[in-house]
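*Asks:* just the structure for this:
(4 chains)
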Protein chains: 2
Amino acid sequence: MDSGKSFEESLLQFVEELKDESEMTEKQRSIMQASIKLFATKGFHASSTAEIAKEAGVAEGTIFRHYKSKKDILLAVVAPVLVKIATPFILRDVREIFNRQKELSFGEILQELYQNRLSLVAANEKHVRILLQEAFFHDEIRETLLSTVFQEIKRLAAQLIKDRTEAGELRPLPSDAVFRAILSSLIGLVLFKHVTDPDEFAKRTDEEQVAATVDILLYGIANRP
Amino acid sequence: MDSGKSFEESLLQFVEELKDESEMTEKQRSIMQASIKLFATKGFHASSTAEIAKEAGVAEGTIFRHYKSKKDILLAVVAPVLVKIATPFILRDVREIFNRQKELSFGEILQELYQNRLSLVAANEKHVRILLQEAFFHDEIRETLLSTVFQEIKRLAAQLIKDRTEAGELRPLPSDAVFRAILSSLIGLVLFKHVTDPDEFAKRTDEEQVAATVDILLYGIANRP
DNA sequence: TTTAATAGTGAGTACTCACTCATTTTTAGG
DNA sequence: CCTAAAAATGAGTGAGTACTCACTATTAAA
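*Replies:* Numbers count the residues shown, from 1 in each chain, chains lettered A, B, ... in the order given. The predicted model follows:
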């Protein structure tokens, strides 16, 4: 696991490769590059058009020749970055883990998946924060995020759940409820580790916390008679 | 359930009762009242000091005689509101449900709790949004929220989990992991209903979704041999 | 070479904001 | 009733913001 480039590296490479494509002018490209850089490090609201212009080595007016508003830059920038960088980056390891299906039990898949996701969030806390922030404030970005990343994860998970249910490894349950339970457990792990209860969480290792979570998800909290 | 006053009403009453207490001046009180009203309806960032002054029937300068900055008002306002209004309001029904322990199985408690929380969020979507927003941006508010509401919920849940585990109704598991699982499932329900997947969620009633969630939480997703 | 379109400029516009301070009003003590 | 301290005022300040526009430079076709 942990194969491939970091998000930071992927982003920079993407910014570089903006050269090749399309009939963008020199200036237009540097505006995009500057915007990506600034939005990714400080967030949309904290980046002023004056700052973007300075970073891009361009007059402020030039920005508005190519984009009709500041928000226009955001939308022009976020969609391709999300589709070409963020989504593959987020899903890369998930696919890899799911593809090792044959060798792994469902519990092992969950264990690997959760640990991998915790590492991913820990290594990209700043970007996660900023992405959530933008998703919170801008409907369009939230929609884009949901219709790309979320839908694809849902699709992948649905397939896996179906296979494992048919194989008799999982109980016959509503697929969407199972998916929600799996994702909820992950969100809970991330939230408790990073936001609500970091001290309590750290009393045991990530592996132990993940193991307890997977155990509960698989077998429930109730005692059987 | 759904007993007692709404959050809106509780807030207004609290604002009124500011009269009685402490050595606040007339003006100071109306600044607080106006701030509570505006912050609660529009959020901190969207409420200007000019607006607060106007609403309070006070000159803008008077605000800065009593509070050294705008953020100072926020901190002075949020702490008492959180402690005296929000926390009791949020916990009221939870206590009530937990106190009916003797009559209810753990599954029934979860079912009632989740349905009650879904109603609460649905009825107070705007305030939930604003509170989350402020918690996202202001560390102090996040800390206050965690050290009041969250800690108390955790305490209540820990007691219930302990009782039910000793009674043999729950498996002997790490208490914090069980709590996290319970809360994660709730967060998942709220998130899927309101943010990520409202259409898919609405294909079944809230009751059905809650029932599926409780089933999974109690008995897990794995098939037993 | 002229012309016409496009790209780029940066000072300027019109605005909002939190915060200040010289002035006025209110209050209280002698 | 006078006066001095305290409280309150609101126009003013300066730093910010996104965005405009009259103008210049560059390019490409006629």
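*Asks:* show me where chain A has helices.
*Replies:* A:7-17, A:26-42, A:49-56, A:60-66, A:70-81, A:87-99, A:106-123, A:125-137, A:139-145, A:151-166, A:175-191, A:198-201, A:206-219 (DSSP state H).
*Asks:* out of the ones you listed, nearest to DNA strand C?
*Replies:* helix A:60-66 (1.7 Å; C-beta to the nearest atom of the strand). Yep, even glycine has a C-beta here, placed from its N, CA and C like the rest.
*Asks:* still on that earlier bit, need the helices of chain A in TSV with mean neighbour count, can you?
*Replies:* Shown next, in TSV, are the helices of chain A (neighbours: other C-beta atoms under 10 Å in any protein chain shown):
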stretch	mean neighbour count
helix A:7-17	15
helix A:26-42	19
helix A:49-56	17
helix A:60-66	15
helix A:70-81	18
helix A:87-99	17
helix A:106-123	18
helix A:125-137	16
helix A:139-145	16
helix A:151-166	16
helix A:175-191	21
helix A:198-201	12
helix A:206-219	20
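*Asks:* right, and those helices - which one's nearest chain B?
*Replies:* helix A:175-191 (2.9 Å; C-beta to the nearest C-beta).
*Asks:* rewinding a little: among the helices of chain A, which gets the worst mean confidence?
*Replies:* When the helices of chain A are ranked by mean pLDDT, helix A:7-17 comes last with a mean of 83.
*Asks:* how far does it sit from the chain's center?
*Replies:* The chain centre lies 16 Å from the centre of helix A:7-17; the measure is C-alpha atoms, centre = their mean, to the nearest Å.
*Asks:* now the most centrally placed residue in chain A: how far from A:Leu120?
*Replies:* The centroid of chain A falls nearest to A:Ile90 when counting by C-alpha atoms, centre = their mean (4.8 Å). Using C-beta to C-beta, to the nearest Å, one gets 8 Å for the distance from A:Ile90 to A:Leu120.
*Asks:* what do you get for A:Lys5?
*Replies:* From A:Lys5 to A:Leu120 the distance is 13 Å (C-beta to C-beta).
*Asks:* was I right to think the residue nearest to the centre of chain A contacts A:Phe150?
*Replies:* No. Between A:Ile90 and A:Phe150 there is no contact, the gap being 10.0 Å when judged by C-beta atoms under 8 Å.
*Asks:* can you pull the pLDDT of the residue located most distally from the centre of chain A?
*Replies:* When each C-alpha in chain A is compared with the mean C-alpha position (C-alpha atoms, centre = their mean), A:Pro225 comes out farthest, at 41.2 Å. What the model reports for A:Pro225 is a pLDDT of 71.
*Asks:* how much space separates it from B:Gln115?
*Replies:* 26 Å.
*Asks:* now swap in A:Phe98 and tell me
*Replies:* Applying C-beta to C-beta, the value for A:Phe98 to B:Gln115 is 33 Å.
*Asks:* now do the contacts for A:Ile130.
*Replies:* Taking C-beta atoms under 8 Å, 6 or more residues apart in numbering or on different chains, we find A:Ile130 in contact with A:Phe39, A:Ala40, A:Thr41, A:Lys42, A:Gly43.
*Asks:* so the first one sits right up against A:Ser47, yeah?
*Replies:* Yes. The criterion here is C-beta under 8 Å, and A:Phe39 meets it with A:Ser47 at 5.9 Å.
*Asks:* the residue lying closest to A:Ala202 once chain neighbours are set aside: neighbouring residues, count only.
*Replies:* Leaving aside its chain neighbours, A:Ala202 sits nearest to A:Lys193 (7.9 Å; criterion: C-beta to C-beta, 6 or more residues apart in numbering or on different chains). Per other C-beta atoms under 10 Å in any protein chain shown, the neighbour tally for A:Lys193 reads 19.
*Asks:* what's near enough to touch A:Lys193?
*Replies:* A:Leu118, A:Ala122, A:Phe201, A:Ala202, A:Asp206, A:Gln209.
*Asks:* so what sits against both of A:Ile90 and A:Leu120?
*Replies:* Between them, A:Ile90 and A:Leu120 share no contacting residue under C-beta under 8 Å, 6+ apart.
*Asks:* how about the residues of chain A near DNA strand C?
*Replies:* Proximity of chain A to DNA strand C (C-beta under 7 Å from any atom of the strand) is limited to residues A:Thr25, A:Glu26, A:Lys27, A:Gln28, A:Val58, A:Ala59, A:Glu60, A:Gly61, A:Thr62, A:Phe64, A:Arg65, A:His66.
*Asks:* dump the residues you listed to a markdown table, plus distance to A:Gly107.
*Replies:* Shown next, in a markdown table, are these (distance: C-beta to C-beta, whole Å):
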| residue | distance to A:Gly107 |
| --- | --- |
| A:Thr25 | 54 |
| A:Glu26 | 54 |
| A:Lys27 | 54 |
| A:Gln28 | 51 |
| A:Val58 | 54 |
| A:Ala59 | 59 |
| A:Glu60 | 56 |
| A:Gly61 | 59 |
| A:Thr62 | 56 |
| A:Phe64 | 55 |
| A:Arg65 | 57 |
| A:His66 | 52 |
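*Asks:* columns distance to DNA strand D on top of these, output as CSV?
*Replies:* Shown next, in CSV, are these (distance: C-beta to the nearest atom of the strand, whole Å):
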residue, distance to DNA strand D
A:Thr25, 10
A:Glu26, 10
A:Lys27, 11
A:Gln28, 14
A:Val58, 11
A:Ala59, 8
A:Glu60, 5
A:Gly61, 3
A:Thr62, 8
A:Phe64, 4
A:Arg65, 7
A:His66, 11
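*Asks:* let me know the closest of those to A:Val15.
*Replies:* A:Val15 lies nearest to A:Gln28 out of the residues of chain A next to DNA strand C, by C-beta to C-beta, at 13.2 Å.
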